[in-house]
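Colleague: I'd like to go over a predicted model; first the sequence, then the structure.
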Amino acid sequence: MKVVIFGCQQIAVDIIKKMIINSKVDLPLIITYELPLDQTYGYESVLDFSKKSKLNVINPLQVTSSLVDQIKGINPDIILSLYYRKILPKSIIELPRLGCINIHPSLLPEYRGPVPTAWAIEKGEKNFGITIHKMDNGIDTGDILIQKKYRIFHNETGFELYTRAMKLGAKLFNDNFSKIIDGKIKPKPQNGIGSYYGKKNGRYTIDWKKSVEEIRNMIRVHAPPYNPADTILFNRYVLVNRSREYFIKGHVAQTPGKIIKVLEDERLVVSCSDGLLLLEDYKIIPSLNKKDKVIYLKAGNSFG
C-alpha cells in the first residue's frame, strides 16, 4: 500500500509514527510545509522526524507541476492530507486509487475552513468534532468516512483545543486506518449546507461593549502562546491572558470598560455590556512601578 503524505505539525508526526511500523504500508514520499512557529508551539518537526527515520521528505514552498509528476510516477494507492497548509490541486486529488483523505477538526459540514477550533470557541460552541473525509474539489466538502463529537472545556484556550484536536484526530485515524484501506467504511455525503469560516486575525483588541461571554471567548481564542487579546489603559497596553465571569450581588450596570473593583492581588473586575469580567492574568506594557499602580489600578478608571 503506497501512501503519500502531505502533512504538517504534530498530527502528521503522530500518524507517520504509526505508518512506519505498519507492515502493510510503504511511505515513498512525505511533503511538508514547515513554519518556525511549529517548533515554538512545541510540535515535533515533520521534516526532522522523517529524516531521522530515513524517509523521503521534501519541504517545497508550493505544489508545482514537477511535484505532481513525481507523485504520478509513484502511483500512490492513497494520499493523506494532514493539516497541510496548501490546497491540493485536482490533478493530485484524482491520482490515487483509494482517493485523498483529509482530517478536519469540526463536525462537517459545519465549520469548514482553516481554523475551525478557534471559530468554535469564538462562537460559544460546547462541542466540536473530528471528521475524516474523502477530498473532492471543494474545501472540506468531500464524503465523510468517520466523524466523532467531543466536548469543548469551559476554560479551554484556542491553543489547547487546537493541540487536543490534533491528538484526537491522529488517534481516530490510526484506530480506523485498516478499516479505511480495506474498504470496510462506506463514505457518506455531507448533509445540509453547512458553514465556512476563513482565516482569523492574529490580533484581537477587546471591545468592551460586547457581552462577557463574547469577550471571554475571544480572550480564550488568543491566549498564550498565541498573541493575547489587548486593550489600552491610559497610555499603556494591557495584554489579557486569562479571564472569567465575575458576579457582585446587586451590581448595577456600568459603562463598558470601566474598572469596578481592584482585588488585593491586583486582579481587575471590569464592566462589559451585560455583566462583569475578572481579568485573572494580564500584563501591562510598559510595566508599572509602585507609584504608577496607585494611579492606574484604581476603580473608576476605564479601558480604551
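Modeller: Received, thanks. Since we're looking at a predicted model, the values are computed, not measured.
Colleague: where do the helices sit along the stretch 101-250 of the chain?
Modeller: 116-122, 158-181, 212-222 (DSSP state H, counting those that start in this stretch).
Colleague: what sits up against the helix or strand of the chain with the lowest mean pLDDT?
Modeller: Between all helices and strands in the chain, the lowest mean by mean pLDDT, DSSP states H and E belongs to helix 36-40, at a mean of 91. Residues from elsewhere that reach helix 36-40 (C-beta atoms under 8 Å, 6 or more residues apart in numbering): 8, 9, 45, 225. From N, CA and C alone the C-beta is placed, and that goes for glycine too.
Colleague: buried set for that helix?
Modeller: residue 38 (16 or more other C-beta atoms under 10 Å).
Colleague: which SSE is immediately downstream of that helix?
Modeller: Heading C-terminal from helix 36-40, the first helix or strand you meet, by DSSP states H and E, is helix 46-52.
Colleague: what domains does the record give for this structure?
Modeller: 2-181, 212-296 (automatic domain parsing).
Colleague: could you single out the most deeply buried of these?
Modeller: Mean neighbour count (mean count of other C-beta atoms under 10 Å) peaks for domain 2-181 among the domains of the chain, with a mean of 18.
Colleague: chain center to that one, what's the gap?
Modeller: 13 Å (C-alpha atoms, centre = their mean, to the nearest Å).
Colleague: quote the end-to-end distance of it.
Modeller: With C-alpha to C-alpha, to the nearest Å as the measure, domain 2-181 spans 11 Å from end to end.
Colleague: ok, and the closest non-adjacent residue to the residue nearest the centre of the chain?
Modeller: For the chain, the residue nearest the mean C-alpha position is residue 162 (3.7 Å; C-alpha atoms, centre = their mean). Spatial nearest neighbour of residue 162, excluding adjacent residues (C-beta to C-beta, 6 or more residues apart in numbering): residue 117 at 4.9 Å.
Colleague: please apply the same query to residue 20.
Modeller: Computed as C-beta to C-beta, 6+ apart, the closest residue to residue 20 that is not its neighbour in sequence is residue 53, at 5.9 Å.
Colleague: if anything else comes up later, I'll come back, but that's it for now.
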